[in-house]
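Student: Any chance you can model this:
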Amino acid sequence: MTTMSLEIRTAWWRRSRRMLPWLAAATLLAACSGPGADVPAPTQSPVAQGKLGSVAVVTHGSQGDAFWNVVKNGAEAAGKDLGVRVEYNSSGDPGQQAKLIDNAVAQGVDGLVVSMANPEALRPSIEKAVAAGIPVVTINSGESESAEFGAIGHVGQSETSAGQAAGKRLADAGRKKLLCVIHEAGNVGANQRCDGATKAFGNGATLQVDINNPTDAQSRIKGALEADRSIDAVLTLNSQVAARAVDGVKESQSAAMVATFDLNTDVVEAIRAGKLLFAVDQQQYEQGYLPVVLLQLYRTNLNSVGGGAPVQTGPAFVDKNNVEAVAARVALGMR
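Tutor: Predicted coordinates:
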């Protein structure tokens, strides 16, 4: 082998290693997209081809929410792997979230990732980004409005289907009456989860609490269980509220079984201890990581994924049979 050929091979190998995370994620994107035969592909807005230098991630996550911390970790990891500057901001207030999107557009970012718990409140801001030639990927919520608003794709889980799967699982466990706890008012995804769960379960009611007031949330759950002793299943839609539900069941001396959406270390310990039946895992690390890859592919090669259908990251289930396999990843902030 000549010295020149050795240098060429070495350079090729180094470049290939840098591309591995991108190629692996692109393969995963193609594999996990739902069938899109009946879903029209969105019209792609004009965009300047070239390097994806910066991405703004704007979510509706509340301050300190463990779920959204994992989304942030995924987005920042993708930025590091692909050499893209990622800036994460969030607000649970739709008006403030819209302002964060407007700020990103004014700064001229190369790509935008947005969760849409309240789609109509964000529509003007997202459409402004699209009109400016900034490709948008929606995540987590707002799946139905994503293509309509001009986004090039959506990464998340179908909330209605996930709710139905959770409701069926609780019914199969022999439960007779369900209480579904909504922690964010106006969050369309939360309503879809409870609607799906109640429909699949067959007999249920909803309870509104405030995730920003955990003590009151626990008190409301306790009160609902004391007022109706026939409730024997509680489904929460957030890992932090799950801990409050477990304590509410204990304080009310209810025999209700608790299940939840999403993971954190408290949920892992509760599953281990038999206090939680299962957690619906939508693998939110992917909701942070994959959109940056999708934007990179679109910006550099005008690739799109899904043909108008969302890239599904869930639902998966974590229970006593597989909790140990994911526990370490939860502790690392990756699940």
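Student: Could you pull out the strands in the stretch 51-200 of the chain for me?
Tutor: Ranges of strands in the stretch 51-200 of the chain, per DSSP state E, counting those that start in this stretch, are 54-59, 85-90, 111-115, 136-139, 153-156, 178-182.
Student: Just send those back as a markdown table, with mean neighbour count, mean pLDDT and distance to Leu225 too.
Tutor: For the C-beta atoms, the positions are set from N, CA and C on the backbone; glycine is no exception. Output for the strands of the stretch 51-200 of the chain, formatted as a markdown table (neighbours: other C-beta atoms under 10 Å; pLDDT from 0 to 100; distance: least, C-beta to C-beta, whole Å):
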| stretch | mean neighbour count | mean pLDDT | distance to Leu225 |
| --- | --- | --- | --- |
| strand 54-59 | 26 | 98 | 32 |
| strand 85-90 | 18 | 98 | 32 |
| strand 111-115 | 28 | 98 | 31 |
| strand 136-139 | 28 | 98 | 34 |
| strand 153-156 | 29 | 96 | 31 |
| strand 178-182 | 25 | 98 | 7 |
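Student: average pLDDT for stretch 235-250?
Tutor: For stretch 235-250, the per-residue pLDDT values average out at 96.
Student: if we can go back for a sec, now distance to Phe261 too, for the strands of the stretch 51-200 of the chain, in JSON lines please.
Tutor: As requested, the strands of the stretch 51-200 of the chain are arranged in JSON lines below (distance: least, C-beta to C-beta, whole Å):
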{"stretch": "strand 54-59", "distance to Phe261": "16"}
{"stretch": "strand 85-90", "distance to Phe261": "18"}
{"stretch": "strand 111-115", "distance to Phe261": "15"}
{"stretch": "strand 136-139", "distance to Phe261": "15"}
{"stretch": "strand 153-156", "distance to Phe261": "12"}
{"stretch": "strand 178-182", "distance to Phe261": "10"}
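Student: Can you check which of the ones you listed gets nearest to Val246?
Tutor: Relative to Val246, the nearest member of those by C-beta to C-beta is strand 178-182, separated by 11.8 Å.
Student: Strand partners (parallel or antiparallel) of the closest one?
Tutor: Strand 178-182 sits in its sheet next to strand 204-208 (parallel), strand 233-236 (parallel), going by DSSP bridges.
Student: by contact count, what packs against the next helix or strand after the first one?
Tutor: Counting by DSSP states H and E, the element after strand 204-208 in chain order, helix or strand, is helix 214-227. With contacts taken as 3 or more C-beta pairs under 8 Å, 6 or more residues apart in numbering; DSSP states H and E, helix 214-227 sits against strand 178-182, strand 204-208, helix 239-252.
Student: In helix 214-227, which residues are buried?
Tutor: Buried residues in helix 214-227, defined by neighbour count with 16 or more other C-beta atoms under 10 Å: Pro214, Ala217, Gln218, Arg220, Ile221, Lys222, Ala224, Leu225.
Student: any chance of those in a markdown table, with distance to Gln97 and pLDDT too?
Tutor: Output for the buried residues of helix 214-227, formatted as a markdown table (distance: C-beta to C-beta, whole Å; pLDDT from 0 to 100):
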| residue | distance to Gln97 | pLDDT |
| --- | --- | --- |
| Pro214 | 22 | 93 |
| Ala217 | 22 | 96 |
| Gln218 | 27 | 97 |
| Arg220 | 26 | 97 |
| Ile221 | 27 | 98 |
| Lys222 | 32 | 98 |
| Ala224 | 30 | 98 |
| Leu225 | 33 | 98 |
